[in-house]
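**Student:** can you look at this prediction? I've put the sequence above it.
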Amino acid sequence: QVHLVESGGGLVQAGESLRLSCSASGRTFRSYTMAWFRQAPGKEREFVAAITWSGSTRYTDSVKGRFTISRGNARNTVYLQMNSLKPEDTSNYYCAATTTAITDSARGYDFWGQGTQVTVSS
């Protein structure tokens, strides 16, 4: 059984930083592409960043230069370092995994975590 668990969310002020973590279990995720999405109330789920098993990355334009996605040495943990946070980054952040090529479409991901809330106050 595949299981993704996010952690690290919280309430911060604009300009501050947070680091989200996603721990994967149940399979060997070393060859998986891992990603972060976010979804605010009343909005569609939005791609944030993704990283392949080899370390290639992709970001949505609104977070480039502020967010960094990385993987742990065991490859079954993925991180999202979020700097210079803005109120518009407020959302529920989800970890996702896929066996296919890197993509920014939520439909391309097979496994999802339950999400962790990030709230940025102005």
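**Tutor:** Here it is on my side, so go on.
**Student:** how about low-confidence regions in the chain?
**Tutor:** 1, 28-30 (pLDDT under 70).
**Student:** how about the strands in it?
**Tutor:** Under the criterion DSSP state E, the chain carries strands at the ranges 3-7, 10-13, 18-25, 33-39, 46-51, 57-59, 67-71, 77-82, 91-98, 111-112, 116-121.
**Student:** wait, which of those is closest to residue 105?
**Tutor:** If you check each of these against residue 105 by Cβ to Cβ, strand 46-51 wins as the nearest, at 7.4 Å. No exception for glycine: its C-beta is placed from N, CA and C like everyone else's.
**Student:** who touches the closest one?
**Tutor:** Among residues not part of strand 46-51, those counted as contacts by Cβ atoms under 8 Å, 6 or more residues apart in numbering are 33-39, 57-60, 63, 67, 69-71, 78, 80, 91, 93, 102-106.
**Student:** ok, now stretch 92-99?
**Tutor:** Residues outside stretch 92-99 that contact it (Cβ under 8 Å, 6+ apart) are 2, 4-6, 9, 20, 22, 24, 29, 31-40, 45, 48, 78, 80, 106, 108-118.
**Student:** contacting residues around the nearest residue to residue 81 once chain neighbours are set aside?
**Tutor:** Of all residues not flanking residue 81 in the chain, residue 68 sits nearest, at 4.4 Å (Cβ to Cβ, 6 or more residues apart in numbering). Residues in contact with residue 68, defined by Cβ under 8 Å, 6+ apart, are 80, 81, 83.
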